[in-house]
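S.K.: Structure here, sequence nowhere to be found:
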């Protein structure tokens, strides 16, 4: 049973546009309840991130998750941005501390934790598909764990820019390596309602040991289904979603995240949507 809201309750939330589909409120409210934190987490559909952050500062909101399309736009609006987020060029977490708004990026940590449930990254070869904010987070996170990274994208010049962040190599999609320890799809290909699509033909998948798709709707994408059939170990997008949220909770509260409670809420939320 949720504790009552009172004058000591701290407010957290997510800003983005749109956010009605977000599973973050389910995860974070479950985390606050399980940890005994007097806090609530709401979704705010925001088209003006500058005004939203000014409001958060004025109202004393404890912290914010930041999602599409504001992860890059908030960078110049913050008092401080930590080095990983600055390197990635995107913020997904805002911490309000002593009147200052601090920016961080937990996507990289979430991706690394999800992947390392399947395979240690040190010394491994990782192929990242895509060149957006998620690709930057995965590439930087993998490189920091000691992996060599290759970035493949439909537009090779965008892949070059991501590869430069992590000392990796790059190519167009058709020229991507046919073998590596890990393949990560950070593109929206395979996302509902176009769930029948895949970014990699099935006949190219046997060259990879582990395949992760950050798409989580559907949970089992065509890419993951065909990768499993090819003998690959698969990691679905819910793992990264869960672990980036757990890292946010820890930044906000300074306490270990109740990951089991967050995971249960995540699956309940998916059931309610489905």
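M.R.: Perfect, I can see it now. Keep in mind the model is a prediction, meaning the values are calculated, not measured.
S.K.: If you count neighbours, what's buried in stretch 220-228?
M.R.: Using 16 or more other Cβ atoms under 10 Å as the burial criterion, the residues of stretch 220-228 that qualify are 220, 221, 222, 223, 224, 225, 226, 227. All C-beta spots, glycine's among them, are computed from the backbone N, C-alpha and C.
S.K.: same thing with stretch 262-274?
M.R.: Neighbour-count burial for stretch 262-274 [16+ other Cβ under 10 Å]: 262, 263, 265, 266, 269, 270.
S.K.: Please report how far the third one lies from residue 38.
M.R.: Taken as Cβ to Cβ, to the nearest Å, the spacing of residue 265 relative to residue 38 amounts to 18 Å.
S.K.: and what of residue 56?
M.R.: 18 Å.
S.K.: who has more neighbours, these two?
M.R.: residue 56 (21 against 13; other Cβ atoms under 10 Å).
S.K.: ok, the more buried one - contacts?
M.R.: Residue 56 sits next to 64, 94, 96, 101 when contact means Cβ atoms under 8 Å, 6 or more residues apart in numbering.
S.K.: Now with 10 Å, please.
M.R.: 11, 12, 13, 15, 44, 62, 63, 64, 94, 96, 101 (Cβ atoms under 10 Å, 6 or more residues apart in numbering).
S.K.: ok so the fifth one is a strand residue?
M.R.: If I follow you right, that is residue 44. Yes: Residue 44: assigned to a strand according to DSSP: H, G, I helix; E, B strand; the rest coil.
S.K.: Can you get me a residue count around it?
M.R.: 16.
S.K.: That one reaches residue 59, doesn't it?
M.R.: No: using Cβ atoms under 10 Å, residue 44 is not in contact with residue 59; the gap is 11.4 Å.
S.K.: any shared contact partners between these two?
M.R.: If you check residue 44 and residue 59 against Cβ under 10 Å, 6+ apart, no residue is contacted by both.
S.K.: Where does residue 137 sit: helix, strand or coil?
M.R.: Residue 137 - assigned by three-state DSSP - is helix.
S.K.: Tell me who's in contact with the residue lying closest to it once chain neighbours are set aside.
M.R.: Nearest non-adjacent residue to residue 137, counting by Cβ to Cβ, 6 or more residues apart in numbering: residue 107, 3.7 Å away. Shown in contact with residue 107 (Cβ under 10 Å, 6+ apart): 71, 84-85, 88, 90-93, 133-134, 136-138, 140-141, 186, 214, 240-241, 243-244, 247.
S.K.: List the ones among those that fall in helices.
M.R.: Using DSSP state H, 84-85, 88, 133-134, 136-138, 140-141, 240-241, 243-244, 247 are the members of the contacts of residue 107 that sit in helices.
S.K.: Going by residue numbers, what spans are strands in the stretch 51-200 of the chain?
M.R.: For the stretch 51-200 of the chain, the strands defined by DSSP state E, counting those that start in this stretch occupy 63-66, 80-81, 93-97, 100-104, 125-129, 148-153, 169-172, 180-185.
S.K.: Understood, closing this out.
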